Structure formats: structure tokens, C-alpha cells
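Chemist: what would the 3D arrangement of this be:
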Amino acid sequence: MNRFVFTLLAVLLPASAAYAQDDCSHVTSSLEMVPCSEAAKKAADTQLNVSYKQLMSRLGSDYRADPALGAEYAAKVKESQRAWLKLRDANCPLEAFEIETGMPAHVVAVNSCIARMSRERSAYLDKIVPALASDKSASTSPISDNCPSEEFAPFLTAFSANSESQRRLTAMTVKSLVLKPVTGKDRMTFEPSTSGASGTTFTYPLMAAITPGKTPGVEIQEVDDSHVNVVDKRAGNSNVKIFNFSRQACWVLEGIEDWSISEKDLVATRNPGMSRAENFCEQRAEALGGLGFLEQYPLTAELIEASLENYVCAAESGDAQASLSAARLSLSQMASQLETPKVEALFKAASKIPSGALAYATFFCIGNSTDYNGPCLHPKQAEEQVIRAIEMGSTDAMVYLASTFEAGELGTKDLSRALACYQMAADKDEPRAIEQLKRLDSHGPEPIKASHCI
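Modeler: Below is the predicted model:
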């Protein structure tokens with residue numbers, strides 16, 4: 001039954017898994033790597049600019065009592081930043097020295113170096129907490145007089161208590177991450193976009209009250225001694241927010257990551273067979289799953305769970321593709337596994353399309369299992385679904401049925417029928433079938449004569 005398990009993995013991975021090809025680590029062609037590396041460089045530059053502006057904002061705030069000293073500090077930061085930019089731009093071509101200038105590989109190497117160094121510089125700037133010029137300047141800092149606590153847990157309780165405390169303890173410039181649609185893609189694709197936003201432009205409160213250790217759906221992650229992230233999942237996996245705090249004169253909210261997708265970026269009528277809500281669910285499932293399968297964001301598990309939840313929502317319409325995506329994601333071991341009756345109902349709805357019928361056949365063989373290794377549980381029903389897929393024109397099903405006739409995995413071992421199925425697929429220019437025909441032609445002293453496939 002190993003072939004059945006392999007087939008399950010091949011046909012049951014959700015469509016959004018294909019998005020992982022947008023991750024640079026999965027791209028094998030240098031030419032394909034160029035746009036990916038350009039995007040990475042641009043994102044790192046944006047993050048660096050926001051970190052620089054936030055540092056300058058902190059200087060203006062902390063040295064308000066001594067503007068001259070603050071201006072001197074700011075001048076040193078500017079001088080340092082200019083020198084660092086020259087170092088980065090001179091250093092990165094060295095990493096690509098042995099690659100011909102202008103070639104895609106050279107462009108990728110330089111872009112990757114710039115992105116890496118920019119991210120490192122951004123992290124360095126984020127950790128700079130200006131030492132206040134004197135005790136007097138510390139006492140006149142706009143937040144230090146009213147700092148709830150130097151310990152983060154009681155600080156968070158006070159910060160989240162009401163709108164006024166949140167407004168007062170939010171940085172002047174906040175690093176804002178939102179998900180934005182990517183144009184020019186066949187499927188619904190989003191990517192994180194980071195920018196700087198004024199803390200005065202937000203609508204408060206930003207979060208509901210939190211009691212650390214007691215509020216369900218909230219996780220507190222200590223990044224280092226001066227940085228803490230608060231992950232708020234109370235609104236569900238499709239609406240996770242991460243609040244970034246840093247220790248300055250007091251703890252301050254300096255970043256907000258919004259991992260939800262707004263309805264304004266979705267199409268209410270993309271699939272006429274679905275309601276408005278189901279359309280939104282399907283698009284969110286594609287987009288959030290696409291981000292999750294990249295496995296490069298801290299919310300990988302939540303994003304994949306959100307994808308499954310939204311596919312199940314979209315499948316309420318009876319749509320075959322949404323039903324198939326939900327069922328195969330449930331069996332992928334990358335998300336929570338649905339109960340057997342639910343999975344079977346999803347595969348049944350999916351069997352209206354060729355790939356769904358073939359997946360339903362696999363379900364009949366191994367059930368709601370990801371590691372079954374015995375004989376096919378229901379060979380007759382499995383074969384019926386494979387034949388349905390063939391009747392709908394699936395060459396995958398033709399090759400699959402041929403392989404079962406060769407090995408007898410569905411109860412019938414018949415090389416002549418296997419040859420007929422391979423021939424049927426080869427007539428549709430299926431490369432795997434053509435290769436198998438060549439193999440069978442050289443099988444034994446007597447040539448095999450094809451009988452019938454279905």
C-alpha cells in the first residue's frame with residue numbers, strides 16, 4: 001500500500017502549497033530568483049527605513065528637555081547610517097565577485113546580501129535605547145512619569161486596560177505590517193508589507209484587556225531583554241495580530257502586525273456558485289495557506305489552520321474544488337485532522353471533478369489515515385471512483401489504474417488491461433504512460449497484447 005500513501009501525498013496536498021514556489025529557497029532557476037531577490041531587498045529596505053525613523057523619533061522624545069544634546073545624538077546617528085550604507089553597498093559586490101556582472105546569479109547574490117545586511121542593521125537600530133542626558137531629561141520624558149511598571153506583565157495589564165493608556169504608551173512612529181494583494185497572480189496571493197505609521201492615526205483601543213497568563217488566546221513571547229511580542233489570537237486564526245513592544249524609558253508599543261485579510265481586497269462574486277461569505281472564505285483559504293506553506297513566518301501553524309477553516313467554510317457551498325482542498329489539507333498532517341464522516345463528505349462532494357474522484361478512490365483505500373500501509377480497504381469502491389475520473393478525462397487516473405492492474409492492488413492483476421490503460425493515457429501524450437509502454441514492450445519473451453482498460 002506504499003503506492004497508495006504516495007498517491008495520497010501527491011494528490012491531496014492543497015493547491016495553496018504551490019505558493020511555496022514563491023519562496024526564494026524553493027526556486028532553482030537563477031532567472032526566477034531575480035524577482036524574488038528584488039522583492040526581498042525592497043522589503044528589507046522598507047523595514048530599515050522604518051527602524052531608522054523610529055530611532056530618530058525616540059531621540060526627539062527622550063531628549064526633549066535638552067534639544068541641543070538630542071540634535072547632536074541625531075547627527076551622530078545620521079553620520080553612522082550614511083557610513084553604514086556606503087559599507088553595505090561596497091561590501092555586497094564582493095560576495096558576487098566570482099560571478100559575471102549582469103548575470104542573473106550576480107544580481108541575486110548582490111540583492112540577497114543587501115537584504116541580509118539591511119535586516120541585520122534594522123535589528124541593530126531597533127535595539128538602540130538612548131541613554132537620557134540627565135535625570136532631569138528622564139523625568140520630563142513624555143511617558144516615564146506615568147510608566148505603569150518596569151516589569152512587562154503588569155505593564156501589559158495597565159496598557160491594555162483602556163484607550164487612553166494605549167494612546168499614551170504607543171510610539172510616535174509605529175512599524176505597521178499588513179497583508180496586501182499581489183497583482184499579476186493567477187490565484188489569490190498576498191504578502192506582508194511593512195511601513196511606518198503615526199501612532200496618532202490609529203483608532204484606539206488597539207487591543208482588548210489582557211491579564212497575562214489568564215487571558216485565553218493570548219501568547220507573550222520574550223524576544224530579548226528589551227523586546228516582547230504579544231500574539232493575540234482571540235479573534236481566530238484568520239485574524240491574528242502581533243503587538244511588538246520595546247523597553248525605552250518605559251515599555252512602548254512600537255509595532256503592529258495584522259495577519260488578517262480585509263474584505264475590501266477580496267471579490268464577492270469570483271465563484272458564482274458560492275455566497276458572498278463563501279467566496280471570501282475560499283479566497284482567504286488560498287491566501288493564508290499560501291503564506292503558511294512558505295514556512296518563513298512565525299505564524300506558520302496558525303496560517304495553515306486558518307486555511308483549513310476557510311476551505312471548510314467555502315465547501316459549505318458544495319463546490320468540488322473547495323471540498324477537495326479542505327479534505328486533502330486535513331489529511332496532509334500540516335493542519336488539524338477532521339473527523340472521518342466530515343472528510344468522507346468532503347471527498348464525495350469533490351468527486352464531481354477528476355482530481356476529486358481520484359482522491360476519493362484513495363480515501364476508499366486508506367480511509368481517514370495518513371500512515372495506513374495495508375491492503376486497500378474497499379477496492380471495489382476505489383476502482384469505481386478511478387473509472388469515474390478516467391471517464392472525465394483524467395490521465396492521472398489512467399496511469400493510476402494501470403499501475404493497480406500491474407500489481408493487483410485493487411484485487412485484479414491483469415497486464416493486458418494495464419497495457420490498455422497505459423495506451424489510453426499515451427494517446428493523450430501522457431509522458432509517464434509512454435515510458436511505461438516502453439517498459440512493458442520489453443517485458444518477457446512474448447509481447448503483451450492490450451485488452452481493455454475500463
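Chemist: would you mind measuring from Gln321 to Leu440?
Modeler: According to C-beta to C-beta, to the nearest Å, Gln321 and Leu440 sit 34 Å apart. Just so you know, the C-beta spots here come from the backbone N, C-alpha and C atoms, and that holds for glycine as well.
Chemist: likewise Ile114?
Modeler: Counting by C-beta to C-beta, the separation of Ile114 from Leu440 is 54 Å.
Chemist: tell me which of these two has more neighbours.
Modeler: Neighbour totals were compared for Ile114 and Leu440, and Ile114 leads with 23 against 20 (other C-beta atoms under 10 Å).
Chemist: which residues are in contact with the more buried one?
Modeler: By C-beta atoms under 8 Å, 6 or more residues apart in numbering, the residues touching Ile114 are 41, 44-45, 88-89, 92.
Chemist: which strand runs longest in the protein?
Modeler: Counting residues, the longest strand in the chain under DSSP state E turns out to be strand 170-181.
Chemist: packing partners of that one?
Modeler: Applying 3 or more C-beta pairs under 8 Å, 6 or more residues apart in numbering; DSSP states H and E, one finds that strand 170-181 contacts helix 30-62, strand 190-198, strand 251-258, helix 276-292.
Chemist: columns distance to Val240 on top of the ones you listed, output as a markdown table?
Modeler: Compiled in a markdown table, these are given as follows (distance: least, C-beta to C-beta, whole Å):
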| stretch | distance to Val240 |
| --- | --- |
| helix 30-62 | 20 |
| strand 190-198 | 12 |
| strand 251-258 | 8 |
| helix 276-292 | 10 |
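Chemist: nearest to Arg168, of these?
Modeler: strand 251-258 (9.8 Å; C-beta to C-beta).
Chemist: correct me if wrong: Lys241 contacts Ile256.
Modeler: Yes: counting by C-beta atoms under 8 Å, Lys241 touches Ile256, with 6.7 Å between them.
Chemist: pull the CA atoms of the longest strand of the chain into PDB?
Modeler: In PDB, the C-alpha atoms belonging to strand 170-181 read as follows (Å, rounded to 0.1, in the frame of the first residue of the first chain):
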ATOM      1  CA  THR A 170       2.300  53.900  21.800                       C
ATOM      2  CA  ALA A 171       5.400  55.200  19.900                       C
ATOM      3  CA  MET A 172       5.200  58.300  17.800                       C
ATOM      4  CA  THR A 173       6.100  56.200  14.700                       C
ATOM      5  CA  VAL A 174       4.900  52.600  14.600                       C
ATOM      6  CA  LYS A 175       6.100  49.800  12.400                       C
ATOM      7  CA  SER A 176       2.900  48.600  10.700                       C
ATOM      8  CA  LEU A 177       2.700  45.200   8.900                       C
ATOM      9  CA  VAL A 178      -0.400  44.400   6.800                       C
ATOM     10  CA  LEU A 179      -1.200  41.800   4.200                       C
ATOM     11  CA  LYS A 180      -1.500  43.300   0.700                       C
ATOM     12  CA  PRO A 181      -2.700  41.500  -2.500                       C
END
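Chemist: got the angle between it and strand 251-258?
Modeler: In terms of direction (axes from the mean of the first three to the mean of the last three C-alpha atoms, to 10 degrees), strand 170-181 departs from strand 251-258 by 10 degrees.
Chemist: pLDDT weak spots in the stretch 251-400 of the chain?
Modeler: Along the stretch 251-400 of the chain, no part satisfies pLDDT under 70.
Chemist: off-centre distance for the longest strand of the chain?
Modeler: The chain centroid and the centroid of strand 170-181 are separated by 19 Å under C-alpha atoms, centre = their mean, to the nearest Å.
Chemist: which neighbours does it have in its sheet, and in what orientation?
Modeler: Applying DSSP bridges to the sheet, strand 170-181 is found paired with strand 190-198 (antiparallel), strand 251-258 (parallel).
Chemist: so which bits of the longest one are buried?
Modeler: By that I understand strand 190-198. For strand 190-198, burial by neighbour count (16 or more other C-beta atoms under 10 Å) applies to 190-191, 194, 196-197.
Chemist: got the contact list for Met424?
Modeler: 390, 398, 433, 453.
Chemist: what is the burial count for the third one?
Modeler: It refers to Ala433. Neighbour count for Ala433, taken as other C-beta under 10 Å: 21.
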